[in-house]
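Trainee: one predicted model, sequence on top.
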Amino acid sequence: MLPLQVDVTGGGPLAIVVTFLLLAAFYAVTLHLAATFFIGDVPSQRAAYVAPAPALTSLLLGRWGVQGVGPISPSLGVGIAALSTLAADAIAISYVYRLKWSSALPLTLLHFGFFAVLAFALNNIFGLV
């Protein structure tokens, strides 16, 4: 390998930034779909404001699902990462959409459903994950 050549699968800073941006965009699209279904006509910018919170949380805590950290097993790590991502999503949705918890929690669960179904479908089509 040449000294100036970059390893494509290296996981450097550029890969982390691109992964974060793609994940945030996917969260924003699925949240906008869920919010339009749940609330009605809403500006798409609100979904873009919410999306970095769950994207950052899932990226930071995603490592726990890959390998156990200390006494935490990988399966417990996945649960902690998923619940933390849902909590960050609910807090951001409540703040940005100015919703009470009684409305923010169902929207968060609906967002999770849209995210899971669309991710599953895209994975079956493209086989990325």
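Mentor: Received the coordinates, thanks. Residues are numbered from 1 along each chain as shown.
Trainee: going by C-alpha atoms from here, please, whenever you check contacts or count neighbours.
Mentor: Will do.
Trainee: distance from the helix or strand where residue 79 lies to the middle of the chain?
Mentor: If you go by DSSP states H and E, residue 79 is part of helix 74-96. A distance of 9 Å separates the centroid of the chain from that of helix 74-96, by C-alpha atoms, centre = their mean, to the nearest Å.
Trainee: try stretch 36-53
Mentor: Using C-alpha atoms, centre = their mean, the distance from the centre of stretch 36-53 to the centre of the chain it belongs to is 14 Å.
Trainee: quick one: average pLDDT of that stretch?
Mentor: Average pLDDT, stretch 36-53: 93.
Trainee: same check, this time on stretch 120-129
Mentor: Averaged across stretch 120-129, pLDDT comes to 83.
Trainee: so how far is residue 23 from residue 123?
Mentor: From residue 123 over to residue 23 the distance is 14 Å, taken as C-alpha to C-alpha, to the nearest Å.
Trainee: low-scoring pLDDT stretches of this structure, where are they?
Mentor: 1-11, 63-69, 128-129 (pLDDT under 70).
Trainee: centroid-nearest residue for it?
Mentor: A centroid search over the chain (C-alpha atoms, centre = their mean) returns residue 55, at 3.9 Å, as the residue closest to the centre.
Trainee: host element of it?
Mentor: Using DSSP H and E, residue 55 falls within helix 52-61.
Trainee: sort out which residues of that helix are buried, please.
Mentor: Buried residues in helix 52-61, defined by neighbour count with 16 or more other C-alpha atoms under 10 Å: 52-58, 61.
Trainee: about what we covered before: helices or strands up against the following helix or strand past the helix holding residue 79?
Mentor: Going down the chain from helix 74-96, the next helix or strand is helix 101-126, by DSSP H and E. For helix 101-126, the packing partners by 3 or more C-alpha pairs under 8 Å, 6 or more residues apart in numbering; DSSP states H and E come out as helix 13-38, helix 74-96.
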